[in-house]
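Participant: Sequence unavailable; structure follows:
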């Protein structure tokens with residue numbers, strides 16, 4: 001299960017992990033399955049999530065305890081329902097409970113970080129089932145595999161005992177993989193109209209280093225691969241508060257110069273990409289760091305550039321609101337401003353789903369915009385927004401063709417987080433353009449095919465360019481929605497009611513037996 005984490009992802013690991021854990025929880029005493037199952041999830045979770053989730057260590061440990069306690073529930077439902085004694089149909093209990101838990105988690109937190117489906121980004125044929133059932137189809141098949149292996153193992157792999165069930169299951173998996181292979185291989189972009197899209201980012205660690213130098217008169221070295229929880233970054237962040245309070249203080253002259261220099265680099269890169277034929281240019285998340293009183297100047301510059309070069313420019317800004325430091329006040333605004341080839345502002349999008357413990361609420365209206373263009377319907381969102389499948393259904397319903405996802409990650413979640421976004425593309429039939437700072441930038445088509453990829457740490461200019469289809473595709477998932485998790489919830493609810501009914505009935509029988517014994521005596 002450690003090898004199923006964002007830091008170390010081997011696609012076969014979770015298939016085996018689910019299988020072994022299910023075997024363990026079925027074979028040992030109930031208290032051992034609870035205690036050691038919980039311990040196993042907690043330890044593997046801590047190792048896998050440390051440096052991934054940007055929360056203080058004490059909070060992280062509490063959150064992991066809650067996650068671990070919830071993770072053991074499908075195994076307990078499988079155990080208490082005696083699924084292993086129910087024959088082939090009993091193999092459906094564990095995957096139903098597993099998908100139910102994942103789905104209810106998304107209703108609670110909204111995001112799908114905890115979904116095991118994210119680990120399959122290298123298994124493209126399997127990923128295509130997301131176009132039918134969403135990521136729940138992937139999770140169901142993985143959990144069902146664990147249940148099937150344990151069912152066949154319990155029958156000592158005797159063909160006579162498992163023939164019918166194994167044949168049915170084999171046909172299901174064969175159908176899924178065949179569907180995936182055909183769906184991916186049918187794409188022919190030689191006969192489809194495309195548009196050249198460029199994603200731009202830069203290494204802006206010079207801002208924090210200069211800011212620290214201006215505030216404390218000392219040098220600090222922040223490597224691009226530095227984790228969110230690193231002591232260096234935490235120390236550097238101490239300089240942010242006085243800068244927010246008064247960014248125009250004389251001592252911050254060098255920092256203001258660096259901000260301006262970075263903006264010049266971004267505009268120069270945009271010009272270069274436009275001159276090379278890009279019709280859509282996207283900046284990575286909040287890479288244009290600017291003080292609010294200077295924002296209008298930057299916007300006017302972007303208008304002029306978009307009009308001059310006849311491009312759609314998605315300019316991602318981190319806008320500082322100067323004033324007394326107060327967590328209740330919006331200090332920095334994370335936004336993407338869209339400019340048309342006419343030099344007009346088509347949309348200002350505020351990040352709808354801020355990262356817990358790292359960002360404030362930006363006041364978004366939670367609506368994914370649609371910008372009509374000659375290159376299809378364009379929709380900007382920002383980074384963590386793409387981890388919310390219920391939120392992204394808007395894109396599928398509105399007919400988005402190209403989803404622009406300016407993002408900012410860190411080394412521990414690279415490239416895991418990028419490929420999570422590509423699943424939203426498969427679900428909703430849209431191409432995904434995701435330029436990202438401090439991680440791998442990718443461009444994928446509506447089938448999850450990789451159209452372009454740039455490694456932030458090895459690329460010199462860190463720019464990604466790709467020919468992107470201007471038309472999305474309709475998906476079954478857009479039409480039927482979350483029917484699979486709904487069915488899983490129904491089955492799981494029935495099993496839970498049955499477990500409760502049997503236990504109540506057994507208790508009544510025991511009490512009745514005790515009364516009869518007393519009367520006979």
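Facilitator: Good, I have the coordinates. Fair warning: this is a prediction, and the values are worked out from it, not measured in the lab.

Participant: Run through who's touching the helix or strand hosting residue 261.
Facilitator: Secondary structure from DSSP states H and E places residue 261 in helix 253-275. Identification of contacts with helix 253-275 by C-beta atoms under 8 Å, 6 or more residues apart in numbering yields 198, 200, 202, 204, 206-207, 210-211, 213-214, 243, 247-248, 281, 283, 287-291, 298, 301-302, 305, 309-311, 313, 461, 463, 465. All C-beta atoms are positioned from the backbone trio N, CA, C, and that covers glycine.

Participant: Run through the strands of the stretch 101-250 of the chain in chain order.
Facilitator: Along the stretch 101-250 of the chain, counting by DSSP state E, counting those that start in this stretch, strands occupy 194-200.

Participant: ok, back up a step: what's the following helix or strand after the helix holding residue 261?
Facilitator: strand 280-283.

Participant: Give the pairing partners of that following strand; include direction for each.
Facilitator: strand 194-200 (parallel), strand 312-320 (parallel) (DSSP bridges).

Participant: Strand 312-320 and the helix or strand just after the longest one, what's the angle between them?
Facilitator: The first helix or strand that comes after strand 312-320 along the chain, using DSSP H and E, is strand 332-339. Angle between the axes of strand 332-339 and strand 312-320 is 160 degrees (criterion: axes from the mean of the first three to the mean of the last three C-alpha atoms, to 10 degrees).

Participant: Who are the contact partners of residue 365?
Facilitator: Residue 365 touches residue 350, counting by C-beta under 8 Å, 6+ apart.

Participant: mind checking the backbone torsions on it?
Facilitator: phi -90, psi 0 (degrees, to the nearest 10).

Participant: Check residue 473 too.
Facilitator: According to degrees, to the nearest 10, residue 473 has phi -130, psi 150.

Participant: between the helix or strand where residue 465 lies and strand 194-200, how big is the angle?
Facilitator: For residue 465, the host element (DSSP H and E) is strand 464-469. Calculated by the same axes, to 10 degrees, strand 464-469 forms an angle of 150 degrees with strand 194-200.

Participant: Strand 464-469 pairs with which strands, and in what direction?
Facilitator: strand 194-200 (antiparallel).

Participant: quick one: contacts of the strand it pairs with?
Facilitator: 266, 269-270, 273, 276-284, 287, 375-376, 402, 406, 433-435, 441, 443, 454, 462-470.

Participant: Out of those, which end up buried?
Facilitator: 266, 269-270, 273, 278-284, 287, 375-376, 402, 406, 433-435, 441, 443, 454, 462-470 (16 or more other C-beta atoms under 10 Å).

Participant: Ramachandran coordinates for residue 290?
Facilitator: phi -150, psi 150.

Participant: Flag every buried residue along stretch 23-36.
Facilitator: 23, 25, 26, 33, 34.

Participant: what are the ranges of the strands in the stretch 351-500 of the chain?
Facilitator: Using DSSP E, counting those that start in this stretch, strands in the stretch 351-500 of the chain cover 371-373, 376-380, 402-404, 407-408, 431-434, 436-437, 440-444, 450-455, 464-469.

Participant: picking that back up, ok and the helix holding residue 261 relative to strand 464-469, angle-wise?
Facilitator: Counting by the same axes, to 10 degrees, helix 253-275 points 40 degrees away from the direction of strand 464-469.

Participant: for helix 253-275, what is the average pLDDT?
Facilitator: Confidence over helix 253-275 (mean pLDDT, whole number) is 97.

Participant: Same check on stretch 456-472?
Facilitator: Here the average pLDDT along stretch 456-472 is 94.

Participant: Would you agree residue 304 falls within a strand?
Facilitator: No - read with DSSP: H, G, I helix; E, B strand; the rest coil, residue 304 is helix and lies in no strand.

Participant: you'd agree it is up against residue 342?
Facilitator: No - contact status for residue 304 versus residue 342: not in contact, 11.6 Å apart, counting by C-beta atoms under 8 Å.

Participant: quick one, which of these two is more surrounded?
Facilitator: Taking other C-beta atoms under 10 Å, residue 304 and residue 342 do not tie; residue 304 has more neighbours (13 against 10).

Participant: contacting residues for the nearest residue to the more buried one once chain neighbours are set aside?
Facilitator: Spatial nearest neighbour of residue 304, chain neighbours left out: residue 343 (6.5 Å); criterion: C-beta to C-beta, 6 or more residues apart in numbering. With contacts defined as C-beta under 8 Å, 6+ apart, residue 343 is in contact with 303, 304, 306, 307.

Participant: which one of the residues you listed has the most neighbours?
Facilitator: Of these, with other C-beta under 10 Å as the count, residue 306 tops at 25 neighbours.

Participant: Let me see the contact set for that residue.
Facilitator: 312, 313, 339, 340, 341, 343.

Participant: ok, which pair from those is furthest apart?
Facilitator: 312 and 343 (11.3 Å; C-beta to C-beta).

Participant: just to revisit the earlier point, any of the contacts of helix 253-275 buried? List them.
Facilitator: 198, 200, 202, 204, 207, 210-211, 213-214, 243, 247, 281, 283, 287-291, 298, 302, 305, 309, 311, 313, 463, 465.

Participant: wait, what's in contact with residue 481?
Facilitator: Residues in contact with residue 481 (C-beta under 8 Å, 6+ apart) are 134, 393.

Participant: Low-confidence stretches in the chain?
Facilitator: Residues of the chain that meet the criterion pLDDT under 70 lie in 515-521.

Participant: Now residue 405: closest residue in space, sequence neighbours ignored.
Facilitator: residue 434 (4.3 Å).

Participant: Just list whatever residues bridge to that neighbour.
Facilitator: residue 442.

Participant: Hmm, it is touching residue 451, no?
Facilitator: No - assessed by C-beta under 8 Å, residue 434 is found out of contact with residue 451, at 11.2 Å.

Participant: For residue 464, see how far away the residue most central in space within the chain is.
Facilitator: Nearest to the centroid of the C-alpha atoms of the chain, with distances taken as C-alpha atoms, centre = their mean, sits residue 387, at 3.5 Å. According to C-beta to C-beta, to the nearest Å, residue 387 and residue 464 sit 20 Å apart.

Participant: next one: residue 337
Facilitator: 20 Å.

Participant: again, but for residue 169
Facilitator: Where residue 464 is concerned, residue 169 sits at a distance of 40 Å (C-beta to C-beta).

Participant: what's the answer for residue 178, then?
Facilitator: Counting by C-beta to C-beta, the gap from residue 178 to residue 464 is 32 Å.

Participant: rewinding a little: which of the residues in the helix holding residue 261 are buried?
Facilitator: Buried, per 16+ other C-beta under 10 Å, within helix 253-275: 255, 256, 258, 259, 262, 263, 266, 267, 269, 270, 273, 274.

Participant: Could you work out the most separated pair of these?
Facilitator: Farthest apart among these by C-beta to C-beta are 255 and 274. That separation is 29.1 Å.

Participant: What segments of the stretch 351-500 of the chain are helices?
Facilitator: Assigned helices in the stretch 351-500 of the chain, in chain order: 389-398, 416-428, 476-480, 483-520 (criterion: DSSP state H, counting those that start in this stretch).
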